[in-house]
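[1] return atomic coordinates for the entry below.
(chains A, B, C and D)
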Number of protein chains: 2
Amino acid sequence: MNSRRASPQPAGKSPAASPSPWRARRRDREVKREAVIRAAAHAFNRKGYHNTSLNDIAAALEVTKPTVYYYVTNKEHLLFQCFLAGIEPIRAAFREVKDLGLPARARLNAVLRHYGEAVASEFGWCMVRAEDQDLSPAMSRHIKALKSEIDQGIRRLIREGVQDGSIEPCDPKMTAFALAGALNWIAHWYRVDQSLTPAEIAAAFVAIFEGGLRPRSAAQVALRAPLKRRVRIAR
Amino acid sequence: MNSRRASPQPAGKSPAASPSPWRARRRDREVKREAVIRAAAHAFNRKGYHNTSLNDIAAALEVTKPTVYYYVTNKEHLLFQCFLAGIEPIRAAFREVKDLGLPARARLNAVLRHYGEAVASEFGWCMVRAEDQDLSPAMSRHIKALKSEIDQGIRRLIREGVQDGSIEPCDPKMTAFALAGALNWIAHWYRVDQSLTPAEIAAAFVAIFEGGLRPRSAAQVALRAPLKRRVRIAR
DNA sequence: GCTCGATCATACTCATGAGTAGATATTCTA
DNA sequence: TAGAATATCTACTCATGAGTATGATCGAGC
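    Have a look, this model is predicted:
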């Protein structure tokens, strides 16, 4: 669509040389573009996608609608950008944790903590709530693929955990749904209840997932080798 | 608005006598009204609230828009009716379980099972996704109150469980958020993945909540005695 | 000072969808 | 069978919001 920027080398200049006057301009433009995306995320967060008009977003930035369209191609792309901003930290968490040599449950917990924080972030709503229903088929496929990547990553960690004995045997699919669901839901209530930080919430949730509701007695935990958490009955 | 039904006694007839020919008529009307609500729930389910027009709903019923308006006052009320239909079984579950003399965890599990089934039901989407953002302030308050009632009910069961020793000590608020969130999220994926029945899913989730991810050895499960003081040393 | 491209505003178009006014058809009762 | 409810349709109004055509402005380089 927008092809103005298609040829960044004005032909005839030395290619690799000087970042040239554009660099600054570009950065400037990029900064504004990001401001638009942040403003959109904020508005979507508060009022929902459908109840937010591009006029609203423009007004929040103290510009007019065509200005917004100067930076993004349309509303759907705007949502998509918010989605990407929200999901990227989660993908990063998977990469980060990959080669740490930890047992799978520890890796899973680390990922879930990042996941929870991402959902409670500015872009959490957009990430969690970008629905097929609101999107063109192409965009829907794209988003679904990214979501699925996360889902599969969680399932894989669960499977690995069951194999290395750090996770109680369970159905990886259902368990992944339960974990992700609980965390996703944070986006629905965090807005109104900010008594905890995202990190605290994520940590609390991970603790709940780990232990489960059923009370556990002290003795047994010890006999699982590599674990450090202890429980004691104080009579 | 619609005041045709305002004076059911045509003045001059004996008031308390004969249920009169109206009864049948009324039932008929009620049947159609429910059909409208079901059709709406179905459409909301598939395409979301904002992407469903009343024309769509009318078309699904093979009538026209004004006919739909003959049975419901507006789109928002329609969503509200769907919400009520979805949430009622959950409220019923609380009542049902109340005087059963079970330990709190068993009562909680029963409620959660019903909860999960409700979310996976036809009206699950509407119940879970009826957002303040889409509703008038009055309606929003009403829905929030009903949702809060459920939330408080779950928290109460958790607290009772911690007291009677059937539930591991935990923060009731966070735990309730985690449980409800995981179950609510079913509404997002059940549509596309129907490999399990709602009851099976609910049961699987409850099992996950109970046990947690941390492996537990076989022996210990048996020794859950009535009441003991337990202290957990975390980290 | 002039030109050119980047940026932004004014003032539209156009489609969609909620909700309604005012017929018309149907059915039940007297 | 007249007439009164009841039920449904045709044909609108009206507001909103996405997206655009077009022109003004501003700053950098010559």
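
[2] quick one: the strands in chain A?
    Applying DSSP state E to chain A gives strands spanning A:230-233.

[3] residues in it within reach of DNA strand D, list them.
    By CB under 7 Å from any atom of the strand, the part of chain A that sits against DNA strand D consists of A:21, A:51-55, A:65-66, A:69, A:74-76. Yep, even glycine has a C-beta here, placed from its N, CA and C like the rest.

[4] want to throw these into a markdown table with pLDDT, distance to residue B:95 and neighbour count?
    Output for those, formatted as a markdown table (pLDDT from 0 to 100; distance: CB to CB, whole Å; neighbours: other CB atoms under 10 Å in any protein chain shown):
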| residue | pLDDT | distance to residue B:95 | neighbour count |
| --- | --- | --- | --- |
| A:21 | 53 | 72 | 8 |
| A:51 | 95 | 35 | 14 |
| A:52 | 97 | 39 | 22 |
| A:53 | 97 | 43 | 13 |
| A:54 | 97 | 47 | 19 |
| A:55 | 97 | 47 | 11 |
| A:65 | 96 | 52 | 14 |
| A:66 | 96 | 57 | 9 |
| A:69 | 97 | 54 | 15 |
| A:74 | 96 | 49 | 13 |
| A:75 | 97 | 45 | 18 |
| A:76 | 96 | 45 | 17 |
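
[5] closest to DNA strand C among the residues you listed?
    The nearest member of the residues of chain A next to DNA strand D to DNA strand C, counting by CB to the nearest atom of the strand, is residue A:66 at 3.9 Å.

[6] for the closest one, give me its contacts.
    By CB atoms under 8 Å, 6 or more residues apart in numbering or on different chains, no residues touch residue A:66.

[7] burial of the nearest residue to residue A:173 once chain neighbours are set aside, as a residue count?
    Leaving out its chain neighbours, the residue that sits closest to residue A:173 by CB to CB, 6 or more residues apart in numbering or on different chains is residue A:155, at 6.2 Å. When neighbours are counted by other CB atoms under 10 Å in any protein chain shown, residue A:155 registers 19.

[8] also residue A:164?
    By other CB under 10 Å, 12 other residues sit near residue A:164.

[9] now residue A:165
    15.

[10] ditto for residue A:189
    By the criterion of other CB under 10 Å, residue A:189 has 16 neighbours.

[11] that one is in contact with residue B:177, isn't it?
    Yes - between residue A:189 and residue B:177 a contact is recorded at 6.5 Å, counting by CB atoms under 8 Å.

[12] next to DNA strand C, which bits of chain A? Give me the list.
    With the criterion set to CB under 7 Å from any atom of the strand, chain A comes near DNA strand C through A:4, A:25, A:28-29, A:32, A:58, A:62-67, A:70.

[13] of those residues, select the buried ones using a ChimeraX command.
    Those of the residues of chain A next to DNA strand C that count as buried under 16 or more other CB atoms under 10 Å in any protein chain shown are selected in ChimeraX with:
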select /A:58,63
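
[14] distance of the residue positioned nearest the centre of chain A from residue B:146?
    Closest residue to the average C-alpha location of chain A: residue A:87 at 3.0 Å, with CA atoms, centre = their mean. Separation of residue A:87 from residue B:146 (CB to CB, to the nearest Å) stands at 32 Å.

[15] mind saving the C-alpha coords of stretch A:117-127 as PDB?
    The C-alpha trace of stretch A:117-127 is given here as PDB (Å, rounded to 0.1, in the frame of the first residue of the first chain):
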ATOM      1  CA  GLU A 117       3.200  -9.900  33.300                       C
ATOM      2  CA  ALA A 118       2.600  -9.500  29.600                       C
ATOM      3  CA  VAL A 119      -1.200 -10.000  30.100                       C
ATOM      4  CA  ALA A 120      -1.200  -7.400  32.800                       C
ATOM      5  CA  SER A 121       0.700  -5.000  30.700                       C
ATOM      6  CA  GLU A 122      -0.500  -2.100  28.600                       C
ATOM      7  CA  PHE A 123      -0.900  -4.400  25.600                       C
ATOM      8  CA  GLY A 124      -2.400  -7.300  27.500                       C
ATOM      9  CA  TRP A 125      -5.900  -6.600  26.500                       C
ATOM     10  CA  CYS A 126      -5.100  -6.400  22.900                       C
ATOM     11  CA  MET A 127      -3.100  -9.600  22.900                       C
END
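
[16] what are the buried residues along that stretch?
    Neighbour-count burial for stretch A:117-127 [16+ other CB under 10 Å]: A:117-121, A:123-127.

[17] make TSV from the residues you listed and add pLDDT and distance to chain B to it.
    Shown next, in TSV, are the buried residues of stretch A:117-127 (pLDDT from 0 to 100; distance: CB to the nearest CB, whole Å):
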residue	pLDDT	distance to chain B
A:117	95	15
A:118	96	15
A:119	96	10
A:120	94	12
A:121	92	17
A:123	94	17
A:124	93	13
A:125	92	10
A:126	94	14
A:127	94	13
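
[18] restricted to helices, list those residues.
    A:117-119, A:124-127 (DSSP state H).

[19] tell me which two of the residues you listed sit farthest apart.
    Across these, the longest distance by CB to CB is 15.0 Å; it joins A:117 and A:126.

[20] domain ranges for chain A?
    A:26-72, A:84-188+A:195-235 (automatic domain parsing).

[21] need the winner for burial among those domains.
    Counting by mean count of other CB atoms under 10 Å in any protein chain shown, domain A:84-188+A:195-235 has the highest mean neighbour count of the domains of chain A, with a mean of 19.

[22] sorry, back to before: of all the residues of chain A next to DNA strand D, which comes closest to residue A:131?
    Proximity of these to residue A:131 (CB to CB) peaks at residue A:76, which lies at 11.5 Å.

[23] which residues in chain A form helices?
    Counting by DSSP H, the helices of chain A are A:20-47, A:54-60, A:65-71, A:75-98, A:104-119, A:124-129, A:137-164, A:172-184, A:186-189, A:198-211, A:218-222.

[24] so where is chain A shaky, pLDDT-wise?
    A:1-27, A:217-235 (pLDDT under 70).

[25] thinking again about what came up before, and the two most separated of the residues of chain A next to DNA strand D?
    Across the residues of chain A next to DNA strand D (CB to CB), the longest gap, 41.4 Å, separates A:21 and A:51.

[26] excluding its backbone neighbours, what's nearest residue A:127?
    Nearest one to residue A:127, counting by CB to CB, 6+ apart, is residue A:86 at 3.0 Å.

[27] thought the one you found was touching residue A:117?
    No - assessed by CB under 8 Å, residue A:86 is found out of contact with residue A:117, at 10.8 Å.

[28] my read is that residue A:154 contacts residue A:177, right?
    No - using CB under 8 Å as the test, residue A:154 is too far from residue A:177 to be in contact (9.2 Å).

[29] so what's residue A:81 up against?
    Residue A:81 is in contact with A:37, A:40, A:72, counting by CB under 8 Å, 6+ apart.

[30] gap between the nearest residue to residue A:170 once chain neighbours are set aside and residue B:116?
    Spatially, and ignoring its direct neighbours in sequence, residue A:170 is nearest to residue B:208 (6.4 Å; CB to CB, 6+ apart). Distance check for residue B:208 against residue B:116: by CB to CB, it reads 11 Å.
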